[in-house]
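Asks: here is a sequence with its predicted model. Questions after.
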Amino acid sequence: MAREPLLTQAQKGFLLHAFTASGAIAGLLSLSAVMSGHIRAGLIWLIVCQLIDGFDGPLARRIDITTHAPQINGHILDLVVDYVTCVVVPVALFIELDMLPKGREFWFAALIIFTGALWYARTDQETDDHWFNGFPAAWNIVVPTLLILDANNATKQLVIIFLCGLSLSKVQFPHIVRVTKLRPITLTVAVIYFVALTWLSAQFPNGPEWAKPILVIAPLYIVGLSIWKTWFAPNNR
């Protein structure tokens, strides 16, 4: 006789919604840690946000959450949490850690918040083959990278202006997990980057110097892939 499942599909769906929403709590803990002077803890909590965001999508598709827990719109919930953890919290860290030039910090922070809000409201966020239209406001990756690399003010300002502009563009960035083109290479690069970022975050500011170039090489790979997809891929011609 078959055993009754421990949880129904509906209960699993609600638990997964709660898991997604917990990302906002992790973001709050990150901000609280940095404001208390515990920068390492703040960076680690941002890593936790990325882990939650990375796992909830595949799990939602696996249990067909739209069918079994329709009372909560998982897509909207994910957008709300992502805007908090990928945009609002990183911008607060930028300001709290004095990473932006004095006298101009408001304008750069406002530009990130503004373009991030517009990107999350785009109706053409993702293509049918799972490429993002525009830079997907992943400031929870950009800010720790700039902090760990100790980028100078000119570099930070150029990166902010460049990426904010890309958020409003049609340049296509890969969904790391779902894009099939070069998936083995992309996933390998992403895992190596994530391990390096986690390691350097846990040891900040004393991480190994040899690991830091990974934080540059991996984004350059993604940029190269995005340029190929946007302008040279056969199906885009």
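Replies: Arrived safely.

Asks: pLDDT score assigned to residue 184?
Replies: What the model reports for residue 184 is a pLDDT of 93.

Asks: next one: residue 101
Replies: In the prediction, the pLDDT value recorded for residue 101 is 78.

Asks: and what of residue 74?
Replies: Predicted confidence (pLDDT) at residue 74: the value is 78.

Asks: repeat for residue 189
Replies: You'll see residue 189 listed with a pLDDT of 95.

Asks: is it true that it touches residue 219?
Replies: No: using Cβ atoms under 8 Å, residue 189 makes no contact with residue 219, being 9.5 Å away. C-beta: built from backbone N, CA, C; applies to glycine.

Asks: more neighbours, the two?
Replies: Taking neighbours as other Cβ atoms under 10 Å, residue 189 and residue 219 compare with residue 189 leading, 20 against 17.

Asks: which positions within the host helix or strand of the more buried one qualify as buried?
Replies: Secondary structure here is read from DSSP states H and E; on that basis residue 189 sits in helix 183-203. Neighbour-count burial for helix 183-203, with 16 or more other Cβ atoms under 10 Å as criterion, is recorded at 186, 189, 190, 193, 194, 196, 197, 198, 200, 201.

Asks: quick one: contacts for the nearest residue to the third one once chain neighbours are set aside?
Replies: Closest residue in space to residue 190, ignoring its immediate chain neighbours: residue 176 at 4.9 Å, by Cβ to Cβ, 6 or more residues apart in numbering. Residues touching residue 176, when contacts are defined by Cβ atoms under 8 Å, 6 or more residues apart in numbering, comprise 186, 187, 190.

Asks: need phi/psi at residue 176.
Replies: In this entry, residue 176 is assigned phi and psi values of phi -50, psi -40 (degrees, to the nearest 10).

Asks: so how far is residue 58 from it?
Replies: 12 Å (Cβ to Cβ, to the nearest Å).

Asks: repeat that for residue 67.
Replies: From residue 67 across to residue 58, the span is 16 Å (Cβ to Cβ).

Asks: list the residues that contact residue 43.
Replies: With Cβ under 8 Å, 6+ apart as the criterion, the residues that contact residue 43 are 30, 144, 147, 148, 201, 202, 204.
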